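*Asks:* The following comprises the amino acid sequence and a computationally predicted model.
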Amino acid sequence: MTKGKSPLGEKTSRRKFLGGAAITAAATVAAPNVVRAQGPINMRWQSTWPAKDIFHEFAIDFSKKVNDMTGGELTIEVLPAGAVVPAFGLLDAVSKGTLDGGHGVSAYHYGKQPALALWGSGPGFGMDANMLLAWHKYGGGKELLEKLYSSIGANVVSFLYGPMPTQPLGWFKKPMAKLEDFNGLKFRTVGISIDVFTGLGAAVNALPGGEIVSALDRGLLEAAEFNNASSDRALGFADVSKICMLQSFHQNAEQFEILFNKTKYDALPGKMKAIITNAVEAASQDMAWKAIDRYSKDYTELQAKDNVKFYKTPDAILKKQLEVYDEVVKKKAGENPLFKEILQSQIEFAQRATRWEQDTVVNRRMAFDHYFGANAAAKKI
């Protein structure tokens with residue numbers, strides 16, 4: 001024992017030392033929490049849709065899921081089209097960091113690389129939008145899209161979600177009865193559909209959603225397609241046309257795209273990246289459910305309140321769309337190796353998936369006719 005120090009003093013010193021070490025260790029462990037607690041991450045986004053469009057609502061739905069799931073640690077503010085850049089300028093703005101992210105469709109970047117329109121702008125080789133998303137997640141599409149964006153130097157991270165139902169052929173001054181009705185018609189569409197409708201004889205002008213009705217009203221367009229009953233009604237199509245043709249192959253399998261600036265995304269903690277990935281998939285299904293509810297209501301309202309007449313697109317026009325699409329993509333595949341690689345990947349997946357679907361899924365038309373057709377069995381239940 002050291003002179004002048006008691007065993008009690010030694011124990012007291014030891015306790016102080018151990019207590020100090022424990023405090024130091026606890027502070028070390030807590031240090032990352034101190035960094036995280038400095039404040040939430042705020043992102044400014046823009047959609048490619050007008051504020052009144054249900055598509056902008058879908059964008060906000062996604063951002064709310066992220067905000068809620070992170071407990072406010074990551075907050076995304078979504079502005080409508082034109083608030084910072086024009087709708088067709090979204091990719092550049094996100095890539096450069098002018099915006100932290102955005103909500104749109106890949107076909108809007110068609111001018112950057114035509115292969116981007118293969119995600120949704122076409123017949124999908126018999127797939128619907130949900131099946132194309134299955135190819136994207138499990139059939140190699142995601143990796144091909146990353147390769148595609150890298151090839152054009154886009155500094156973005158892309159998430160595809162939100163399977164869209166088959167889109168109408170469009171809004172017209174009179175029903176489209178035959179192929180010749182397209183000759184010289186001033187028509188609006190986007191993506192590979194530009195080439196398809198040009199092949200049908202139309203004079204095509206690509207415009208973002210918020211500019212279409214105004215162009216129709218001023219006579220700059222004679223006809224146009226956009227997307228669905230809810231969007232078309234909100235944007236005012238029924239104010240400039242009373243004829244809508246349903247069913248088309250020009251955008252049979254489209255989905256939405258969520259874009260992050262890659263630098264900003266890569267800097268996020270792993271936990272937030274995981275939340276974003278799962279929020280995308282949750283928003284995808286929620287969007288599909290909401291679309292069924294809202295589109296069907298607005299489809300009814302367009303007829304009952306807005307006096308719109310709907311007609312089925314003649315089979316001759318549908319068949320010609322497929323034939324023209326084949327010619328267009330064959331030509332582009334010959335000019336663009338990456339376009340060809342993506343095309344072949346889709347075809348291989350579609351051949352397997354659509355065969356399974358066609359053999360397995362019952363045609364629900366029989367059930368519809370049984371319950372709501374001439375005999376209306378539903379009324380007897």
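*Replies:* It's in.
*Asks:* Just the pLDDT for Asn375.
*Replies:* On pLDDT, Asn375 comes in at 84.
*Asks:* same question, the one 4 residues further on
*Replies:* Lys379 carries a pLDDT score of 77 in this model.
*Asks:* mind giving me the domain ranges of the protein?
*Replies:* Domain segmentation of the chain under automatic domain parsing yields 41-163+254-293, 170-249+306-359.
*Asks:* Endpoint to endpoint, the first one covers what distance?
*Replies:* The straight-line separation of the ends of domain 41-163+254-293 (CA to CA, to the nearest Å) is 34 Å.
*Asks:* before we move on, back to that, just so I know, which of the domains of the chain lies nearest Asp369?
*Replies:* Nearest of these to Asp369, taken as CB to CB: domain 170-249+306-359 at 15.2 Å. C-betas here are computed from N, CA, C, even on glycine.
*Asks:* what's around Ala374, how many residues?
*Replies:* Neighbour count of Ala374, defined by other CB atoms under 10 Å: 5.
*Asks:* What of Asp181?
*Replies:* Asp181: 18 neighbours (other CB under 10 Å).
*Asks:* dump the residue contacts of it.
*Replies:* Applying CB atoms under 8 Å, 6 or more residues apart in numbering, we find Asp181 in contact with Lys174.
*Asks:* That one belongs to a helix?
*Replies:* Yes: per DSSP: H, G, I helix; E, B strand; the rest coil, Asp181 lies within a helix segment.
*Asks:* And it, how close does it get to Cys244?
*Replies:* Using CB to CB, to the nearest Å, Asp181 is found at 15 Å from Cys244.
*Asks:* circling back: would you format the domains of the chain as JSON lines with distance to Thr300 and mean pLDDT included?
*Replies:* Converted to JSON lines, the domains of the chain look like this (distance: least, CB to CB, whole Å; pLDDT from 0 to 100):
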{"stretch": "domain 41-163+254-293", "distance to Thr300": "12", "mean pLDDT": "97"}
{"stretch": "domain 170-249+306-359", "distance to Thr300": "9", "mean pLDDT": "97"}
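*Asks:* of all those, which gets the most neighbours per residue?
*Replies:* Comparing the domains of the chain by mean neighbour count (mean count of other CB atoms under 10 Å), domain 41-163+254-293 comes out on top with a mean of 20.
*Asks:* Could I get the contacting residues of Asn261?
*Replies:* Counted by CB under 8 Å, 6+ apart, Asn261 has contacts Val94, Ser95, Gly97, Leu99, Asp100, Gly101, Asn155, Val156, Val157.
*Asks:* who touches Val280 in this structure?
*Replies:* Taking CB under 8 Å, 6+ apart as the test, what Val280 contacts is Phe62, Phe159, Tyr161, Ile258.
*Asks:* Which helix runs longest in the chain?
*Replies:* helix 270-304 (DSSP state H).
*Asks:* chain center to that helix: distance?
*Replies:* Chain-centre distance of helix 270-304: 10 Å, with CA atoms, centre = their mean, to the nearest Å.
*Asks:* Show me what secondary structure element comes after that helix.
*Replies:* strand 309-312 (DSSP states H and E).
*Asks:* Now do that next one: which elements does it pack against?
*Replies:* strand 243-246, helix 270-304 (3 or more CB pairs under 8 Å, 6 or more residues apart in numbering; DSSP states H and E).
*Asks:* Parallel or antiparallel, list what pairs with the helix or strand where Phe256 lies.
*Replies:* For Phe256, the element it lies in under DSSP H and E is strand 255-261. Counting by DSSP bridges, the strands paired with strand 255-261 are strand 101-104 (antiparallel), strand 156-163 (antiparallel).
*Asks:* Would you format the ones you listed as TSV with distance to Asp369 included?
*Replies:* TSV is the format used below for those (distance: least, CB to CB, whole Å):
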stretch	distance to Asp369
strand 101-104	38
strand 156-163	26
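*Asks:* wait, which of the ones you listed is closest to Trp119?
*Replies:* Here strand 156-163 is closest among these (CB to CB), at 6.4 Å.
*Asks:* so after that closest one, what's the next helix or strand?
*Replies:* Immediately after strand 156-163, counting by DSSP H and E, sits strand 170-172.
*Asks:* Please list the residues outside that following strand that contact it.
*Replies:* 187-189, 216, 222-226, 232, 237, 240-241, 243-245, 248.
*Asks:* correct me, but Glu341 touches Glu143?
*Replies:* No: counting by CB atoms under 8 Å, Glu341 sits too far from Glu143 to count as a contact (10.6 Å).
*Asks:* got any residues that touch both of the two?
*Replies:* Counting by CB under 8 Å, 6+ apart, nothing touches both Glu341 and Glu143.
*Asks:* Spit out the contact partners of the spatially most central residue of the chain.
*Replies:* Central residue of the chain (CA atoms, centre = their mean): Phe256, 0.3 Å from the mean position. If a contact means CB under 8 Å, 6+ apart, then Phe256 has Phe55, Phe58, His103, Gly104, Val105, Leu160, Tyr161, Gly162, Met164, Met287 as its contacts.
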